[in-house]
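Enquirer: When you get a sec, could you give me coordinates for this:
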Amino acid sequence: RILEEWRKFRKQHYGHPGSLEKLNIEMVQQWNMNKREDAVQILMKVLRGISSESEETFSSRFFSTVDILLSFRSLLTTRLDGVQKENCLLKELVQNWYQRISCTREFAPRFYLEVVLLSIHYFDEHYADPREVDRLLET
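Expert: Below is the predicted model of the structure:
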């Protein structure tokens, strides 16, 4: 609900898509062309940029970044749903995503991406181990 209000506010006051919205569109396009690594690289670029914002622009940048993270979450969920319907090795794909994200060196991007994983039910089995949640909280 808060994000919906933010989108409405952003449209009223800014109207045209900003650089983050353009990156979101580019990320979705790359994903849809099966260039998932390129899509993740765009997402990483966005996530790295959030920590370099000034106080005046942080809230705007933060909500736009959350919007992009939700877009990524939707893409990933759709992909995993498709794999499940194809009866492929869903567990292997989920583990692959977990490994990709856990290899991220920078703290902020890795943290945001792991929070996205926590919000997707396919990753519940991995995070059912309380040590994993503790590891994330300790990071």
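
Enquirer: How much space separates the residue nearest to residue 69 when sequence neighbours are not counted from residue 58?
Expert: With sequence-adjacent residues excluded and distances taken as CB to CB, 6 or more residues apart in numbering, residue 69 is closest to residue 116, at 5.6 Å. In this view, the C-beta of every residue, glycine as well, is placed from N, C-alpha and C. Distance from residue 116 to residue 58, counting by CB to CB, to the nearest Å: 20 Å.

Enquirer: Kindly report the same for residue 84.
Expert: For residue 84 relative to residue 58 (CB to CB), the value is 38 Å.

Enquirer: Within the helices and strands, which one has the residue nearest to residue 69?
Expert: helix 107-118 (DSSP states H and E).

Enquirer: Could I get the pLDDT score of the closest residue in space to residue 73 that isn't next to it in sequence?
Expert: Leaving aside its chain neighbours, residue 73 sits nearest to residue 116 (5.0 Å; criterion: CB to CB, 6+ apart). On pLDDT, residue 116 comes in at 86.

Enquirer: so the residue nearest to residue 69 sits right up against residue 75, yeah?
Expert: No. Judged on CB atoms under 8 Å, residue 116 makes no contact with residue 75 at a distance of 10.6 Å.

Enquirer: pull the helix or strand with minimum mean pLDDT from this protein.
Expert: Least confident helix or strand of the chain, by mean pLDDT, DSSP states H and E, is helix 124-127 with a mean of 59.

Enquirer: Pretty sure residue 50 sits against residue 63.
Expert: No. Using CB under 8 Å, residue 50 makes no contact with residue 63, being 10.5 Å away.

Enquirer: roughly how far apart are the residue nearest to the spatial centre of the chain and residue 84?
Expert: Nearest residue to the geometric centre of the chain (CA atoms, centre = their mean): residue 69, 3.2 Å. Using CB to CB, we find residue 69 at a distance of 22 Å from residue 84.

Enquirer: ditto for residue 59
Expert: For residue 59 relative to residue 84 (CB to CB), the value is 37 Å.
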